[in-house]
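*Asks:* Build me a model:
(4 chains)
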Number of protein chains: 2
Amino acid sequence: MSESKSARQQQRSVKQATMKDVAVAAGVGLGTVSRVFSKQGKVAESTRHRVEETARELNYHPSAIGRGLKRQATDNIGLIVADISNNFYGEFAQGVLATAKSMGRHVILCASGEDAESEKEYIDLLVEQRVDGIIAFPTGHNVGAWQSALRLGINIVFADRTIDELNIPSVLIDNLAAARSLTEYVLALGHRRIGYLGGPSHLTSGRLRTEGFRRAHADMGVEVDEQLVVQTRFTRDTAYASALRLLVVEEPPTALIASNNVLGEAALTAIRDRRLRVPEDISVVMFDEVPWAKLVDPPITVLSQPVWQMGQAATRMILAPDYENLHSLMLPTELTLRASARPWYPRVPV
Amino acid sequence: MSESKSARQQQRSVKQATMKDVAVAAGVGLGTVSRVFSKQGKVAESTRHRVEETARELNYHPSAIGRGLKRQATDNIGLIVADISNNFYGEFAQGVLATAKSMGRHVILCASGEDAESEKEYIDLLVEQRVDGIIAFPTGHNVGAWQSALRLGINIVFADRTIDELNIPSVLIDNLAAARSLTEYVLALGHRRIGYLGGPSHLTSGRLRTEGFRRAHADMGVEVDEQLVVQTRFTRDTAYASALRLLVVEEPPTALIASNNVLGEAALTAIRDRRLRVPEDISVVMFDEVPWAKLVDPPITVLSQPVWQMGQAATRMILAPDYENLHSLMLPTELTLRASARPWYPRVPV
DNA sequence: GTGAAAGCGCTAACAG
DNA sequence: CTGTTAGCGCTTTCAC
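*Replies:* Numbering: from 1, shown residues only, chains lettered A, B, ... in the order given. Presented below is the predicted three-dimensional model:
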């Protein structure tokens, strides 16, 4: 114990061994040590052994900074999510981390909180860090910053949403179709007053999902009551307030569609606080499979996205040798039916 | 659109502007440009303006690699969690990210999956990256690697658990006391056969919580049935299997304590699959406040940890100027009573 | 198969 | 206040 304690307390005084130190100690040239550690070029087996042994004795670890400066590449990629405590981004990040690791890359994580200002700072930061690429859930702003990063030779891939003006390869789902089919399902159950909790319209995903909701109605010749369509930010408070507002209109909806898991959570909370029962009083469906969707009572019908795979795909795209020619990728979604939505029949006046 | 497309496709050919380029273009010395961007030393307002203007024109962004090499500091910290898709680590990471950002630091995220091998690789990787510090949820192995990192002058802080031999400052809760009070609560309700789903014993948190469970029993003179105590890894499958095993012993428990949220989720799933009702058939309490705890029916009584604050504290410790003299920090927990546990009275034989 | 040398982009003295 | 200079640790020719 006291031994390791001193290790901690001495640390400031310790000078790290450098490649040159190893070279001197092993009695070889600097280039040789480099060849051993970068695994490039031929080195005699005996020399290699001696170098590795010496390195171990000196507790030498090659410096990625030195290497990065020379190679002009860091093997780091940036990941900008909105909120890493949200399971959706967490799953995605797991996909990124696993893939990055298998390709020998590290991930610098940034949480923008959907804030444009914050996003801008993070972009600049990642540019300064000279990351090889950036995977982002863009806020929809900062077009200039993205372009500038691109010009600097940083590969960029967007996920979940994209920015139309930018022609940046993106990993998406078919948001319009997904929202449409989810809505169709609810309409098919007989519901005619469906509340819609949508995301902000500066996100392509928000816009397209709302559009899908409308299209499904139009296809079936059902009028959308604008009172029942709200677009809200993804914070718990505003989402809850929006959900509540939806529940207290004069003629309340008989079903609710939440366009992501934060909104779904808010919806269920509001519903419970209003002492409504699901699905007896109101049917509920939402985007995003989350651990709690099948844990609550009744389990929630969800439109799930292959989130981990999206992270994997985004990472592969960022690191693809032919990044310049990449196209956006659209991954399939799945409607998982559970017990939270049920048929609705018009009540016949007695 | 086509304009930005070409930006993407031209990128390989683009040469990034360097500080020297800016100096030449602005007609000043290299040192002056450096002073402008590192915000050190005096620069005439007019000169500064000219430099900044020139930099903008050249789309110049200072290189953190060059700076890092010279300064021998990267302003990066490493964060090793088990699984970032787990809300517990997600909240913690949010705390780290927010704090790191406010202190001008970046975070390299690693997910060990509780695997010692993987953890070792990540430690080495972060060492090579020359991070200023590492925050980790240690697996309990790799003692040598941690010591080596420490000797290299990297600040290390552990969270949630620690490694006793290492004397590394840690951000913890009082695991023993927390588990004891949670158990006491259940015992006080009258339960005498309490199932315990614990974490692996190579984690100090796992060991201490199990110990707290036992102490509470000892304090009240209640015998612990070893059949009801399982220690399991934190994967969904093994956790589920362990939970199920607990439910099918000859004389099943009347209450269940899950020592973290993964285990709690597994427990609830197993309980539901066995068609048991909470709390009528079995009471359930668990560690960790998670979004779904108050969403399920009935809402779950939890022992919550100040997770975000733990992330914040860990980050501050890593960056503390007096890191060498830091002690471990123990943060308070809270027992949030909800409806998932209820009194149990022995059934009188008829 | 190996050593020597140049230089990646930056900061930090040191002169002026 | 500003220009010049010497490396930080590494990779990569180029000779030998």
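*Asks:* tell me the centre residue of chain A?
*Replies:* residue A:89 (4.0 Å; C-alpha atoms, centre = their mean).
*Asks:* didn't it look like it was pressed against residue A:79?
*Replies:* No - contact between residue A:89 and residue A:79 fails when scored by C-beta atoms under 8 Å: they sit 9.1 Å apart. For glycine as for every other residue, the C-beta is placed from the backbone atoms N, C-alpha and C.
*Asks:* The helix or strand harbouring the residue nearest to the centre of chain A and chain B in contact?
*Replies:* Assigned by DSSP states H and E, residue A:89 belongs to helix A:87-102. Yes - against chain B, helix A:87-102 shows contacts by C-beta under 8 Å from any C-beta of the partner chain at A:87, A:89, A:90, A:91, A:93, A:94, A:97, A:98, A:101.
*Asks:* What residues does chain A have near DNA strand C?
*Replies:* Contacts of chain A with DNA strand C, taken as C-beta under 7 Å from any atom of the strand, map to A:27-32, A:35, A:41-44, A:46-47, A:69-70, A:72.
*Asks:* Tell me which two of those sit farthest apart.
*Replies:* Pairwise distances across the residues of chain A next to DNA strand C peak at 33.0 Å for A:46 and A:72 (criterion: C-beta to C-beta).
*Asks:* Compare these two (neighbour count), which wins?
*Replies:* Summary of the neighbour comparison: residue A:46 and residue A:72, criterion other C-beta atoms under 10 Å in any protein chain shown, with residue A:72 having more neighbours (11 against 8).
*Asks:* which non-adjacent residue is nearest that one?
*Replies:* Closest residue in space to residue A:72, ignoring its immediate chain neighbours: residue A:130 at 7.8 Å, by C-beta to C-beta, 6 or more residues apart in numbering or on different chains.
*Asks:* In contact with that neighbour, which residues?
*Replies:* Shown in contact with residue A:130 (C-beta atoms under 8 Å, 6 or more residues apart in numbering or on different chains): A:68, A:72, A:73, A:74, A:76, B:63, B:64, B:65.
*Asks:* Need the distance between the two termini of stretch A:220-228.
*Replies:* Using C-alpha to C-alpha, to the nearest Å, one end of stretch A:220-228 lies 17 Å from the other.
*Asks:* what residues does that stretch touch?
*Replies:* A:184, A:187, A:192-196, A:213-214, A:217, A:246, A:249, A:253.
*Asks:* Stretch A:95-107 too?
*Replies:* Applying C-beta under 8 Å, 6+ apart, the external contacts of stretch A:95-107 come out as A:75-79, A:93, A:132, A:135, A:307-312, A:314-316, A:319, B:84, B:108-111, B:121, B:125, B:129.
*Asks:* The residue of chain A at minimum distance from chain B: neighbour count?
*Replies:* Nearest residue of chain A to chain B (C-beta to the nearest C-beta) works out as residue A:292 at 3.1 Å. For residue A:292, the count of nearby residues is 23 (other C-beta under 10 Å).
*Asks:* Selection in PyMOL covering whichever of the contacts of residue A:130 are buried, please.
*Replies:* This is the PyMOL syntax for the buried subset of the contacts of residue A:130, where burial follows 16 or more other C-beta atoms under 10 Å in any protein chain shown:
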select buried, (chain A and resi 68+74+76) or (chain B and resi 63+64+65)
